[in-house]
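>>> Sharing a sequence plus its predicted fold:
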Amino acid sequence: MKKIRFGLKTLYLVLALFLSFNAFAQSTSVSGTVVSADDGFGLPGVNVIVKGTTNGTVTDFDGNYTLNVADSNATLVFSYIGFTTQEIPLNGQTTVNATMTEDATALDEVVLVGYGTQIKRQVTGSVQTIEAQELADLPVSQVTQKLQGKLAGVQINQTTGKPGQGMSVRIRGQLSVSGGSEPLYVIDGFPISGGINNLNPDEIEDITILKDAASTSLYGSRAANGVVLITTKNGTVGETNVSLNTSTGIQQVPQRGRIDMMDAVEFAQFKKEYYEDQGDPVPAIFQDPSQYEGKTNDWYGALLRTSPVQNYNLTITSNKEKLRTAVVAGFFKQDGVVINSDYERYSLRVNLDYNVSDKVRLGFNIAPSYIKDNTPRSDGDRGVGILFNALHTWPIMPIYNEDGTRTTFNNFPAETGNIFSYANWLTSAEQIKNENKNVNILSNAFVEYEPIDGLVIKSSLNAEIYNEKYEFFSPSTATFRINVPIPTTSEAIWEDQRDFSYLNENLATYTKSFGDHNFSLLGGFSYQKFRRDFNRIAANTFADDRLPTIQGAANIDRNGTFDNIQEWSLVSFLSRLTYNYKGKYLLTAAVRRDGSSRFGSGNRWGNFPSVSAGWIISDEAFMENQEAINMLKFRASYGVTGNNNIGNYTQYALINNRVNAAFNDEFAPGSAVSSLSNSNLGWETTKQFDIGFDLSLFNDRVSFIYDYYTKNTTNLLYNVQVPQESGFTNFSDNIGEIKFWGHEFALNTVNTTGKFRWTTNANISFNRNEVVSLAEGIDRVYGTFHITQVGKPFAQFYGHIADGVYLNQQDLDSSPQVPGRSTVGSIKLVDVNGDGVITNGGDNDDRAIMGNPFPDFTYGITNTIKYGNWDFSVIGTGSQGNDVLVRHLYSTTNLDGVFNLLSDVKYRFRSVDNPGRGFYGTTVGGGNVTGIERDWVNSRFVADASFFNIRNITLGYTLGGVDRFFKSARIYGSIQNVHIFTKYWGGPNPEISTESDGDGDGGNLSPGVDLSGYPVPRIFSLGVNLNF
Amino acid sequence: MKKIFSILVVLGVLATGCEDELTIFPEDSLSVPTFYKTEVDFEQAVNGAYAPLRTVLNGTGGGPSGIYLKEMHSDNTYYARNTAFGATEQQEDLADFAVPTDQGITTNVHVQNVYVYNYQVIARTNQILATIDEAEFDGAAKNNIKGQALFLRALAYFDLVQLFGSVPMHLVPVLSREDAALPLSSEDELYTQIISDASEAITLLPSKSQQDPGRATSGAARTLLANVHIVREQWAEAEAQARAVVESDEYMLMPDYADAFSGNSGNKNNMESVFEIQYKEGAEGLNGTFLYYSLPWPLDAEEVGSLMQTSNPQPLSGEGNNIPTPDILAAYEDGDLRKDASITYVNSSGSFWRDGTYPIINKFLEPHSLHFNHGVNWPVYRYSEVLLFLAEALEEQGESGEALIYLNQVRTRAGLGDPTGDLGEAIFNERRVELAFENKRWFDLVRTGRAVDVITAYGNRIKANPNDYYYPEGAEPRGNAFSNISLRYGLPASESSLNPNF
């Protein structure tokens, strides 16, 4: 269609030029009103142009327009996104009104697919597109945050609230033992090397998710985790449009969900009882708990604050003559809700598209951005993350001295049971610098040539530059560690990362119809190369905290100082044939052949084929009388994709050149092979089958999409143990298999039309997995608190099953015990193997699967209501049936009283007559008794993390006719993370998944662990959209 | 359509150069395809092959496993039972001849360590031997490196075959998972290879005076080969190799027995030294720690400091090992100068045993600068052992007269005259005291067929008088003590679980 339009356009241009003499002579003014067929209200922003010219205008807020037209017999073209374009001949009239109808299922609506576009109706894969417009009002920095709950089959979790970080995206539940599982992101055709958390969402026009193998196989060895295609804004037909979108908000951590810790009185009471139950004298400071009334030191709360967030975006789009341009300039600034954390983004995008001639088109995009963020070691395990440290610090430890100054270091005498001493965490959070600054430049350039009708050849060059500077500095007056007296050793880390990636891609598409047979053939070749240069310097003991420079450090830490260089290259050939007969029998076959430097020399090339078929049954004659059904399409696909996240040099036997020797007291440098090579190392292979249908009913008022998929991932990258007689401990190999299957449902309904227009989008996804095999002779691998076992779902929580406490001597005597450790009142565990004794690990292990980090289903629902000038939307997202391991309990329920405790610990077992709630055991007996409860991970740590989050509520009002200066203005108020309905008691964020180093996704084998990370704030914001 | 295909053909032609584009070696680390090319590469590679020898006698993995397996697993040394301390069974099982072994498999960590470190030497030397012939560099340097590699491989297999009997025999680098586990080779197969490697090493290696001090020499290879023949009771071959070493004029006994040992520095690779495991004091990670494991723990910082004379002495807590037994103390003849040079005493104020004064090994003890960091070399072969090999080989062939000459060279330095009684017995006893604490005793007991009798009697003495063997008053040997006096160690369970052949 497009190509034909180019031809026509040129023709009309010539005609217009020819006629222009006339036109100037007899220019007449035409005016009218454009209304929506739905509700009869005026439609602002509709493009009105004189057909075949660039003469045009845009309707004002009330849908009115006025246009000078040279030829009174010209035709006006009315176009507006989402509505069917209309052409109305003037026939001498000076008033032309138009009624626009929505074209949600317009026959020629196209969607982006890999390496091209396709008519939506004829797509045979599982593809979902989101217009950025739908996401505009959410006051968050990352695109993926905005996508939460919008996509069937895509689980998006915010694993930490650290500004600008922590989003985990899993398409169709994809997993791997040691490879990466994030989808491939493709921005304007360029597969970028990392994620998209730095991308300004306002630059995006739309986002397309490719889920099944037929849609993704053209991305070959990178496609197994799914593909996310992002198209950035470009000028649309019409006049220049300038819009300014700004919002400003405040963020705070809701009280609900905060971990309920003991206050100072409760804590002192606990300590008092601890000594009493033990039969020991109570230390003086705990003898009168009431003295601490009103004197709680809320260390955790003190680290939090209410903080602002602001967002400014200026977008200019235009489509003049042969040149289409879009410029998006953005500034986003978020101060974190943890003190001294912040995130700032400055971004710019310039997209140009130039028609050199009928046959040649050039494009050029460049998008630089600068991002700075700081988080003062907030996340991580005890002694690693400041938030966890603060959480378990005694509430009677003073944050401030009597004189109002801040304490520097806190400990109590040993007789109080205080064995952990702490720096002042406020000072630590304030003074520790943990800063990233990065500059990212994405650019594309292409030339498109149409030598003959139907053949389009496109060649592009894409480059990505990413430079990151990381600085960590902990001065002598602060630390994130525990038991480190202040002043301490100052330490610093500097990291410098420079990435460069480029891609050359050459595609040819030939489209041709022979009668009812319609073909489109794509062929292409691409070459992509990536290089990362990384340096790290670690130093400590600075002469002056004010000068954290390398020359200011007394010591360079040799182990922490190194270079790292990473490179890969990828050569690919791709081809796709799309065929349909009469537009209703659809067939697509595609194949990509990838050669990658990551693959072993004996296994360098992989083929990734797919086929898919569709049948638009509603177009059949026998369906003609089915009035209710507008469209019904059945789809099926099968294909093979790969995951090449296997490390760049895993195939090689590397040399360790630090295996030194001495001879006669002379140092002699030595080397040895440190790993086994694997010349057959390859990608992880996923074979996926998908079947589904698209149904549209009642004049497209209801549309429904269903997909069932099943996929098997084989050749998992796995570090297999080998006998050490080989001189090595393990071998990286492609081994094992995981099976995945699931159902996805998406429903869009227009519930009411007219003045009160209410639409609902809902989706629900069921994803399952099962480990089919691991390495030969190995039926399980362990994660931190997890087991991945053949025949079971991946990464299940693994530990002892808690069964209350031993209530009395008889209970103790008649139950299996931990020999020498169990007592009346201590935790009772289930004797899983039935040998009469409770054992942790080894041959007589009593551990069992005790929870599942993966949900039974996830869902999202968005309701949008428009009433006159008002608009209102509510987004809800949810997850059902997943568990989280509340890891911080090993500190926060430590019965020895060395840390502050969960408030509920006051209901622990104290005596046979006062057994508490049967959840927490006796404090008597010390670590030999209490250690079982906290150190042997058990089912008490597992919490149901099902939730439903009212993710966002937005209320907007569009102003009309306020000022001729702008075409339209809208103001809105938005609340993000309105309320979470959940039984999860481990902390404020049921989506959490902390790795012990606080890095985020929990590691492949150990997801869903709560170490009390950065809380996700609630955000209240106000915004304005202005169109000039 | 034609155009599309012609474009694809052109692209296809462009892509034929792809293999080069797709080969990217890591730049921040050397890899096998880029290494093993030059003389420097191979020099580094052979240096790396010496490294595990150092590790196996250090504390990595719970103590100096090599010492525990060969010396404390004999009647020469025992542990100093500390009843206040548990989790010591890995060491005690070795000294008590109670290593839990099931169908030839054991979980003992020290057994595993010795096994693994020997195979590290083997893997590293295999890598050298597989690639060195391809490399182009000076023939003399190449022979030297190759000779060292062969010597080290023979040394490692000799250790393995004496400890375990049949073990897998890797002679080429393991390149794939399938090659990692091999079936067990018989002792005969292993000895054939050891003799072949050692013999070739003799021809390739320079003599001691021509070699960089500390590296393997032709003399070391001959001594190793002599030792192999002694174990195999091939007396004439053993005599020939030992005699060649003696006649090489490369070695002499140090006049004073105490000077035969390397010291912390300054006396390393002296004229008596045939082959030593090389340590270096300092921060490069090349230091030794084994002295600290041959002490009666607990010791407070002052007691440790007075022994080691370090600037930063630290207390040692737990249970000490490798304490000379009353048996070895009694084995020295009256007037033997070596007794005081070999054994001294230390007082442990924290001990529950008698007055806390224990005998300790003196021959390696040297002052050094920093706690747990010494430069003392470990003697593998000394010239006095070459003399004793020669004496034994001659005596076994009935040439007692000549045997006595070499035996007496050793005895004279020790301040002793002619031995009394049977000459064979005299040589055997001489080895015990001359080479005490040098990891020779267990192998000598096994090869002479005396192990079961000697250790059974030794065990009975301990069980009868535990207090004489450093058990505090009232403490008893464990019930399983001396329940498993077998001539070979079981193979490591961690390996058995990964190798389907055992």
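Alright, I've got the coordinates.
>>> Going by C-alpha atoms from here, please, whenever you check contacts or count neighbours.
Fine.
>>> what residue ranges in the chain score low on pLDDT?
You didn't say which chain, so I picked chain A. By pLDDT under 70, the weakly predicted segments of chain A are A:1-26, A:38-39, A:81-82, A:103-108, A:236-239, A:960-965, A:994-1003.
>>> Hmm, no, I was thinking of chain B.
Judged by pLDDT under 70, chain B has its weakly predicted residues at B:1-18.
>>> contacting residues around stretch B:337-348?
Outside of stretch B:337-348, the residues within contact range by C-alpha atoms under 8 Å, 6 or more residues apart in numbering or on different chains are B:257-258, B:296-300, B:303, B:307, B:324, B:329, B:332, B:355-363, B:414-415, B:433-434, B:436.
>>> Now do the end-to-end distance for it.
Across stretch B:337-348, the terminal residues are separated by 26 Å (C-alpha to C-alpha, to the nearest Å).
>>> Any buried residues in it, and which?
Counting neighbours by 16 or more other C-alpha atoms under 10 Å in any protein chain shown, one finds that the buried residues in stretch B:337-348 are B:337-339, B:341-343, B:346-348.
>>> So which of the residues you listed belong to strands?
For these, the ones inside strands are B:343, B:346-347, with DSSP state E as the criterion.
>>> if we can go back for a sec, mind checking which of the contacts of stretch B:337-348 are buried?
Among the contacts of stretch B:337-348, those buried by neighbour count (16+ other C-alpha under 10 Å) are B:257-258, B:296-300, B:303, B:307, B:324, B:332, B:356, B:358-363, B:414, B:433-434, B:436.
>>> For the stretch 301-450 of chain B, which residues are neighbours of chain A?
Taking C-alpha under 8 Å from any C-alpha of the partner chain as the measure of proximity, the stretch 301-450 of chain B contacts chain A at B:Gly375.
>>> In the stretch 301-450 of chain B, which residue sits nearest chain A?
Nearest residue of the stretch 301-450 of chain B to chain A: B:Gly375, at 8.0 Å (C-alpha to the nearest C-alpha).
>>> coming back round to it: which of the contacts of stretch B:337-348 fall in helices?
Of the contacts of stretch B:337-348, the ones assigned to helices by DSSP state H are B:303, B:307, B:329, B:433-434.
>>> Just the ones in strands from the contacts of stretch B:337-348, please.
Assigned to strands by DSSP E, the following of these qualify: B:324, B:357-361.
>>> farthest pair in these?
Greatest spatial distance among these (C-alpha to C-alpha): B:Thr357 and B:Ile361, at 13.1 Å.
>>> how much space between the spatially closest residue to B:Leu491 that is not a sequence neighbour and B:Ser494?
Counting by C-alpha to C-alpha, 6 or more residues apart in numbering or on different chains, B:Ile105 is the residue found nearest to B:Leu491 once chain neighbours are left out, at 4.7 Å. Taking C-alpha to C-alpha as the criterion, B:Ile105 is separated from B:Ser494 by 9 Å.
>>> And for A:Leu323?
70 Å.
>>> Now the residue most central in space within chain B: which helix or strand?
Central residue check for chain B by C-alpha atoms, centre = their mean: the C-alpha nearest the mean position is that of B:Gly66, 5.7 Å away. Under the criterion DSSP states H and E, the helix or strand holding B:Gly66 is helix B:65-67.
>>> and the next element down the chain from that helix?
Next along the chain from helix B:65-67, counting by DSSP H and E, comes strand B:77-80.
>>> outside of that next one, which residues touch it?
Residues outside strand B:77-80 that contact it (C-alpha under 8 Å, 6+ apart): B:71-72, B:92, B:95, B:296-297, B:319-325, B:328, B:437, B:469-471.
>>> Show me what from the stretch 151-300 of chain B comes close to chain A.
Proximity of the stretch 151-300 of chain B to chain A is confined to B:168, B:170, B:173-177, B:179-181, B:212-215, B:265, B:268-269, B:278-281, B:286 under the rule C-alpha under 8 Å from any C-alpha.
>>> Please repeat the previous calculation with a cut-off of 7 Å.
Within the stretch 151-300 of chain B, the residues that sit near chain A (C-alpha under 7 Å from any C-alpha of the partner chain) are B:174-177, B:180-181, B:213-215, B:268-269, B:278-280, B:286.
>>> Which of those ranks first by neighbour count?
Scoring these on neighbours with other C-alpha atoms under 10 Å in any protein chain shown, the highest-scoring entry is B:Tyr279 at 31 neighbours.
>>> I'd say that residue and B:Gly375 touch.
Yes: under the criterion of C-alpha atoms under 7 Å, B:Tyr279 makes contact with B:Gly375 at 4.9 Å.
>>> okay, and the common contacts of these two?
Residues touching both B:Tyr279 and B:Gly375 (C-alpha atoms under 7 Å, 6 or more residues apart in numbering or on different chains) are B:287-288.
>>> list the buried ones in the lengthiest helix in chain B?
In chain B, taking DSSP H as the definition, the longest helix is helix B:139-164. By 16+ other C-alpha under 10 Å, the buried positions in helix B:139-164 come out as B:142-164.
>>> Could you tell me which of the contacts of strand B:77-80 count as buried?
Among the contacts of strand B:77-80, those classed as buried by 16+ other C-alpha under 10 Å are B:71-72, B:92, B:95, B:296-297, B:319-325, B:328, B:437, B:469-471.
>>> re the thing from before, give the next helix or strand downstream of the longest helix of chain B.
If you walk from helix B:139-164 toward the C-terminus, the next helix or strand you reach (DSSP H and E) is strand B:167-168.
>>> What is that following strand packed up against?
Contacts defined by 3 or more C-alpha pairs under 7 Å, 6 or more residues apart in numbering or on different chains; DSSP states H and E place strand B:167-168 against strand B:184-185.
>>> Can you name the next helix or strand after the strand it packs on?
Sequence-wise, the next helix or strand beyond strand B:184-185 is helix B:187-204, with elements assigned using DSSP H and E.
>>> contact partners of that following helix?
Contacts of helix B:187-204 from elsewhere in the structure, counted by C-alpha under 7 Å, 6+ apart, are B:143-144, B:147-148, B:150-151, B:154, B:157-158, B:161, B:165-166, B:218, B:221-222, B:225.
>>> between the residues you listed, which is closest to A:Pro487?
Distance to A:Pro487, by C-alpha to C-alpha, is smallest for B:Gln148 among those, at 52.7 Å.
>>> A:Tyr343: helix or strand, and which one exactly?
For A:Tyr343, the enclosing helix or strand under DSSP H and E is strand A:342-355.
>>> same thing with A:Ala390?
Here A:Ala390 sits within helix A:386-392, counting by DSSP H and E.
>>> Pull that helix out as CSV, backbone CA atoms only.
The C-alpha trace of helix A:386-392 is given here as CSV (Å, rounded to 0.1, in the frame of the first residue of the first chain):
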residue,chain,number,x,y,z
ILE,A,386,22.6,-0.9,54.6
LEU,A,387,18.8,-1.4,54.6
PHE,A,388,19.1,-5.0,56.0
ASN,A,389,21.7,-3.8,58.4
ALA,A,390,19.4,-1.0,59.7
LEU,A,391,16.4,-3.4,59.8
HIS,A,392,18.0,-5.7,62.4
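>>> other SSEs contacting it?
helix A:299-302.
>>> partners of whatever helix or strand comes next after the helix it packs on in the sheet?
Scanning forward in sequence from helix A:299-302, with DSSP H and E defining helices and strands, the next element found is strand A:307-320. Using DSSP bridges, the neighbouring strands of strand A:307-320 in the sheet come out as strand A:241-252 (antiparallel), strand A:323-335 (antiparallel).
>>> List the contacts of strand A:307-320.
Looking at what lies outside strand A:307-320 - C-alpha under 7 Å, 6+ apart - the contacts are A:202, A:234-252, A:324-337.
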